[in-house]
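Peer 1: Please work out how this folds:
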Amino acid sequence: MKLKPLFASLLTVGALGLTAFSAQAEDTIKVGLIAPFSGPFADYGKQMEAGIKTYMKIHGDSVGGKKVEIIIKDTTGPVPEIAKRLAQELVVRDKVDFLAGFGLTPEALAVAPVAEQAKKPMIIMNAATSIITTKSNYIARFSMTLPQVSGPMATWAVKNGMKKVVTLVADYGPGIDAETSFKTNFIGGGGQVLESIRVPLRSPDFAPFIQRIKDAKPEAVFIFVPPGEHSIAFMKGYRERGLAEAGIKVIATGDLTDDHLMPALGDSTMGVITTFHYSAAHNSPENKAFLKTYAEVNPGAGRANFMSVGAFDGMAAIYEVSRKLNGKIDGDKAMAILKGMKLNSPRGPIMIDPATRDIIQTVYVRKVEKVNGEAFNVEFDKFLDMKDTGK
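Peer 2: Model prediction:
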């Protein structure tokens, strides 16, 4: 007879616990951050996390009357099946309000159907293949696309007298986008592409490709490779095999001269011309404030780069949506707010295209130069209000 009151009291305690958990969940805005945090692309995730921490340090960890919780999930690299499984767990088990991150295109493409089915806003902080935003109505991109930054490089090259080039790109979505956009603009402007080389995404040996470039005797080589071991290996081979002495210039997207890698790249990138949407040397009050706080909250993390800025702006968008919805996140209402959203980013003014949900922004022409003894991408020209041109 004594067991019944005890059992009833346990039920009551359990119900109270569930109520408390439910109330806690309702008081939280959850962001699932999906990116590589281990493996060869681990810096992608770490830079995004650093950008998010920077934004939350400046703007606080609450918005719309709720605490913001970041749930980190490691894809280990460009592994689509892992990215999709993690997204499903975040939606079903963790009940996130936003999916975010996506350092690599295969991750983003794998998660797009999950976002579509669950009606969860999906904030792209890096992945740059043009088609990504077409794969779900719930995607908005706050980074860039490869056509957006590759086309201007070709336009600038033609304008500055380059007639014959070789292209070398990583053989996956962003690389093919970069190659296509560059060739379209370069050939359209009267230039000639002598050879188009595609290299494997995983651990390529650049030596034979660099020799092919040298043998083709172009005026310049246009490069897109993901930042990290690829860019370091290419620039090392470029110098060792005497392409600079042969008068072959390097023109590229800014991935090649990633701010975060400049100390590792050393002087090998001096004089390289790139087109890109962000440089740590960008001179604006917003960027100075970003870099100051970034250094404070990420000691020892090195220099901030475009991925940390993409994450910073992605969080700005999440906060703006949450503020306007008073913390009650609805997928369709969130997307209505994201379309046409304007932000004052550390990179300059940005806007989300209402039609494509892709970013509109300034693309800068930069040259690697020494600033106070350190190598930086110094902006000297720009293309205003660039849209994605790859769709």
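Peer 1: List the residues that contact residue 144.
Peer 2: Neighbour list for residue 144: 128, 276-277, 306, 310, 359, 361 [criterion: Cβ atoms under 8 Å, 6 or more residues apart in numbering]. Where C-beta positions appear, they are placed from N, C-alpha and C, glycine not excepted.
Peer 1: and the residues you listed, which of them are in helices?
Peer 2: 306, 310 (DSSP state H).
Peer 1: Out of the contacts of residue 144, the closest to residue 204 would be?
Peer 2: Of all the contacts of residue 144, residue 204 sits closest to residue 128, with 18.8 Å by Cβ to Cβ.
Peer 1: Report all helices and strands that whichever strand or helix holds residue 156 contacts.
Peer 2: If you go by DSSP states H and E, residue 156 is part of helix 146-159. Applying 3 or more Cβ pairs under 8 Å, 6 or more residues apart in numbering; DSSP states H and E, we find helix 146-159 packed against helix 173-188, strand 220-224, strand 249-253, strand 273-276, strand 359-371, strand 374-386.
Peer 1: Check the most centrally placed residue in the chain and give its pLDDT.
Peer 2: The centroid of the chain falls nearest to residue 126 when counting by Cα atoms, centre = their mean (1.6 Å). We have a pLDDT of 97 for residue 126.
Peer 1: tell me the SS of it?
Peer 2: coil (DSSP: H, G, I helix; E, B strand; the rest coil).
Peer 1: what ranges do the helices span in the protein?
Peer 2: 3-26, 42-59, 80-92, 105-118, 146-159, 173-188, 207-216, 229-240, 262-265, 285-297, 306-324, 331-338.
Peer 1: Indicate which one of those helices is closest to residue 138.
Peer 2: Closest of the helices of the chain to residue 138 is helix 105-118, at 4.5 Å (criterion: Cβ to Cβ).
Peer 1: For residue 125, give me its contacts.
Peer 2: Applying Cβ under 8 Å, 6+ apart, we find residue 125 in contact with 35, 48, 51, 100-103, 142-143, 307, 310-311, 314.
Peer 1: which of those has the most neighbours?
Peer 2: When neighbours are taken as other Cβ atoms under 10 Å, the top entry among the contacts of residue 125 is residue 101 (37 neighbours).
Peer 1: re the thing from before, going by distance to residue 297, which of the contacts of residue 144 wins?
Peer 2: Within the contacts of residue 144, proximity to residue 297 (Cβ to Cβ) peaks at residue 310, which comes in at 17.0 Å.
Peer 1: Quick check: closest non-adjacent residue to residue 262.
Peer 2: Spatially, and ignoring its direct neighbours in sequence, residue 262 is nearest to residue 375 (4.8 Å; Cβ to Cβ, 6 or more residues apart in numbering).
Peer 1: in stretch 135-155, what counts as buried?
Peer 2: Neighbour counts over stretch 135-155 (16 or more other Cβ atoms under 10 Å) mark 135-136, 138-155 as buried.
Peer 1: Sorry, slip of the keys, the one I care about is stretch 246-254.
Peer 2: 248-254.
Peer 1: tell me the domain ranges of this structure?
Peer 2: 11-144+283-357, 147-276+364-386 (automatic domain parsing).
Peer 1: so how far is residue 90 from residue 378?
Peer 2: Computed as Cβ to Cβ, to the nearest Å, the residue 378 to residue 90 distance reads 40 Å.
Peer 1: for residue 189, that is, sorry about that
Peer 2: Distance from residue 189 to residue 90, by Cβ to Cβ: 45 Å.
Peer 1: Also residue 208?
Peer 2: Counting by Cβ to Cβ, the gap from residue 208 to residue 90 is 42 Å.
Peer 1: And these two? Which one has more around it.
Peer 2: Shown here are residue 208 and residue 90; by other Cβ under 10 Å, residue 90 has more neighbours (25 against 11).
Peer 1: Count the neighbours of the nearest residue to that one once chain neighbours are set aside for me.
Peer 2: Nearest residue to residue 90 in three dimensions, chain neighbours excluded: residue 32, at 3.6 Å (Cβ to Cβ, 6+ apart). If you count neighbours by other Cβ under 10 Å, residue 32 ends up with 25.
Peer 1: Enumerate the beta-bridge partners assigned to residue 32.
Peer 2: Beta-bridge pairing for residue 32 (DSSP bridges): residue 71, residue 99.
Peer 1: tell me the pLDDT at it?
Peer 2: According to the prediction, residue 32 has pLDDT 98.
Peer 1: who's in contact with it?
Peer 2: Counting by Cβ under 8 Å, 6+ apart, residue 32 touches 71, 73, 86-87, 90-91, 94, 96, 98-101.
Peer 1: same thing with residue 60?
Peer 2: If you count contacts by Cβ under 8 Å, 6+ apart, residue 60 has none.
Peer 1: Can you tell me how far it is from residue 242?
Peer 2: Using Cβ to Cβ, one obtains 54 Å as the distance from residue 60 to residue 242.
Peer 1: Can you find the helix or strand of the protein with the lowest average pLDDT?
Peer 2: Counting by mean pLDDT, DSSP states H and E, the chain has its least confident helix or strand at helix 3-26, which shows a mean of 42.
Peer 1: Which one of the contacts of residue 125 is nearest to residue 389?
Peer 2: For the contacts of residue 125, the nearest to residue 389 is residue 143 (15.6 Å; Cβ to Cβ).
Peer 1: Would you check how far apart the residue nearest to the closest one when sequence neighbours are not counted and residue 101 are?
Peer 2: Leaving aside its sequence neighbours, residue 143 sits nearest to residue 310 (Cβ to Cβ, 6+ apart; 4.0 Å). Using Cβ to Cβ, residue 310 is found at 10 Å from residue 101.
Peer 1: Find the residues that touch each one of those two.
Peer 2: Residues touching both residue 310 and residue 101 (Cβ under 8 Å, 6+ apart) are 48, 125-126.
Peer 1: Let's have the residues you listed in CSV, adding distance to residue 219.
Peer 2: Formatted as CSV, the shared contacts of residue 310 and residue 101 follow (distance: Cβ to Cβ, whole Å):
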residue, distance to residue 219
48, 37
125, 35
126, 31
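Peer 1: ok, residue 47 touching residue 305?
Peer 2: Yes - contact criterion Cβ atoms under 8 Å: residue 47 and residue 305 qualify, at 5.8 Å.
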